[in-house]
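Chemist: got a sequence here, can you build the structure:
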Amino acid sequence: MTTNEGDDAIRDLIRDACESDDSPPPTSAAASFADLVRQGESLTAARRADAASHDYELARTYRRQAEEFRAAWLAGRAREIAYVIQRACAGDPRFSRMSEHELQATGRMRWSKSGHARKLAGLEEEYSRLAKIHLEFAEQQGITNPQHDRIR
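Modeler: Below is the predicted model:
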């Protein structure tokens with residue numbers, strides 16, 4: 001929350017207090033203003049806690065999504081390695097003379113050069129970056145959650 005938003009919240013409280021007919025008249029202007037400032041500060045703290053909680057939840061969501069992209073990338077690599085080994089067993093001349101190690105290396109290389117693998121890797125990086133940013137926002141706003149270290 002910016003300073004302007006906090007000032008706006010205080011102004012809203014003052015305006016609401018002035019427009020309300022059911023509130024008792026203030027005993028002194030200084031006391032009334034101090035009460036309004038305290039209400040504004042507690043409102044600002046509540047909004048800050050809500051924002052921190054929201055940022056923390058976003059960080060968890062983005063981290064989970066990044067992990068799903070990573071799992072999809074690893075599954076694709078395993079499928080490509082299995083494909084290369086299957087082709088070698090079927091007698092494909094491109095792969096038939098390769099050792100097991102060479103077949104696995106070829107499968108890994110073929111997968112890493114594919115467009116789908118690059119897309120998944122890019123998405124994992126992007127979502128990991130977003131998770132880190134939102135976690136830092138939450139920490140900056142003072143959230144304390146013992147599980148927040150798990151998403152780094």
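
Chemist: alpha carbons only for contacts and neighbour counts from here, please
Modeler: Noted.

Chemist: which stretches of this protein form helices?
Modeler: 3-19, 29-89, 100-113, 115-140 (DSSP state H).

Chemist: mean pLDDT lowest for which of those?
Modeler: Of all the helices of the chain, helix 3-19 carries the lowest average pLDDT, namely a mean of 56.

Chemist: number of residues surrounding the closest residue to Q65 other than its chain neighbours?
Modeler: Nearest residue to Q65 in three dimensions, chain neighbours excluded: Y127, at 6.8 Å (C-alpha to C-alpha, 6 or more residues apart in numbering). Applying other C-alpha atoms under 10 Å, we find 20 residues neighbouring Y127.

Chemist: list the contacts of Y127.
Modeler: Listed by C-alpha atoms under 8 Å, 6 or more residues apart in numbering, the contact partners of Y127 are 62-63, 65-66.

Chemist: what about 10 Å?
Modeler: When contacts are counted by C-alpha atoms under 10 Å, 6 or more residues apart in numbering, Y127 touches 59, 61-67, 69, 133.

Chemist: backbone dihedrals for D92, please?
Modeler: Backbone torsions of D92, given as degrees, to the nearest 10, read phi -60, psi 120.

Chemist: swap in M98?
Modeler: According to degrees, to the nearest 10, M98 has phi -90, psi 150.
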